[in-house]
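S.K.: Need coordinates for the following:
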Amino acid sequence: PGCLHEVAGPILRYLMGAERASLQRIVVDNRVLLKKLADTVPELEDLFELAEDLVALFETYDLDHQVDALFQAQAALPSGGSLIIEETAALVAIDVDSGAHQRDSDPEAFAVAVNQEAASEIARQVALRNLSGQIVIDFLPMKRKGSREKIQETLSAALSGSGKCNIFGFSRLGLLEMTRQRNGESLTARFLSKSAAAKTAPSIAIEMIRAVLRELDRNPGKMLTVECGPIIYAVLADEMPGNWQDLLERTGPIVVLEQTQTLSGTQFDIRVN
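M.R.: From the prediction side, this is the model:
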């Protein structure tokens, strides 16, 4: 028997739908994956780079911090304001907060300036968090129709290339209403537990693997003992055996994984021997 059709993974799906103008570099740490991606999206082949040290790249560009920020309800705006993003079963609510930003002598001009900045960031957060369904945005109040139209145009332009979106404009309450076609779960629905804003065991297991790679980079040639609680151990053994095996193939037998009852279910500890 042979494979008749393979469903594209998340990386490939993103690249197939991305606009070339939005991409500068595509850094991959696996030769096999790089070739597969380049063969599937040959129009992006000149953007691909093979990383010598993906862990160093994460630290250089502070990617861990940026990823963690996507799980927070608050997203900062360059001017000092912020977005408050709340996902519910019925809709996604986004509130624009001017924060301590210095107010202009012209309240309308101030609101438009902050809202334009917010519209661009909202489009970015919608794409990164994969927010979909009904989305309601509470921009700073604007009295003029032209101001509201300007913000709607900014948001529409920023959302182009981010899936099928419909913007219905401002309601009588001053809320902008829009929808975005669903394409899988949102980032928080996929990686956070439904009972609380806590990372799921698989996402913590991936964090642990990245932490192991960082320690190996800081301590070349040293043996590492990785202790983890029963939940993480079970995830690596049953749900993600390939991830741990990939790590061992890259590092050799210098990393030992041990289950311990002294750590709670999702805790882990890395010891340099």
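S.K.: what secondary structure does residue 182 sit in?
M.R.: Secondary structure for residue 182, judged by DSSP: H, G, I helix; E, B strand; the rest coil, is coil.
S.K.: any idea how far it lies from residue 189?
M.R.: Distance, residue 182 to residue 189, using C-beta to C-beta, to the nearest Å: 11 Å. Bear in mind the C-beta positions are built from the backbone N, C-alpha and C, glycine included.
S.K.: can you list the domains in this structure?
M.R.: 10-52, 72-185, 192-272 (automatic domain parsing).
S.K.: Kindly reformat the ones you listed as TSV containing distance to residue 4 and mean pLDDT.
M.R.: Shown next, in TSV, are the domains of the chain (distance: least, C-beta to C-beta, whole Å; pLDDT from 0 to 100):
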stretch	distance to residue 4	mean pLDDT
domain 10-52	17	83
domain 72-185	23	90
domain 192-272	22	82
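S.K.: which residues of the chain fall in helices?
M.R.: 10-17, 31-40, 54-60, 63-69, 107-129, 145-159, 187-191, 201-218, 230-234, 241-251 (DSSP state H).
S.K.: could you list every residue that touches residue 141?
M.R.: Residue 141 is in contact with 111, 174, counting by C-beta atoms under 8 Å, 6 or more residues apart in numbering.
S.K.: quick one, phi/psi of it?
M.R.: Note on residue 141: its backbone torsions stand at phi -60, psi 140 [degrees, to the nearest 10].
S.K.: Report the separation between it and residue 234.
M.R.: For residue 141 relative to residue 234 (C-beta to C-beta), the value is 51 Å.
S.K.: do the same with residue 252
M.R.: Distance, residue 252 to residue 234, by C-beta to C-beta: 25 Å.
S.K.: Counting neighbours, go ahead and name the busier of these two.
M.R.: residue 234 (16 against 7; other C-beta atoms under 10 Å).
S.K.: Now that one. Nearest residue, chain neighbours left out?
M.R.: Leaving aside its sequence neighbours, residue 234 sits nearest to residue 201 (C-beta to C-beta, 6 or more residues apart in numbering; 8.0 Å).
S.K.: I figured that neighbour hits residue 233, correct?
M.R.: No - using C-beta atoms under 8 Å, residue 201 is not in contact with residue 233; the gap is 9.9 Å.
S.K.: Thank you kindly, that will do.
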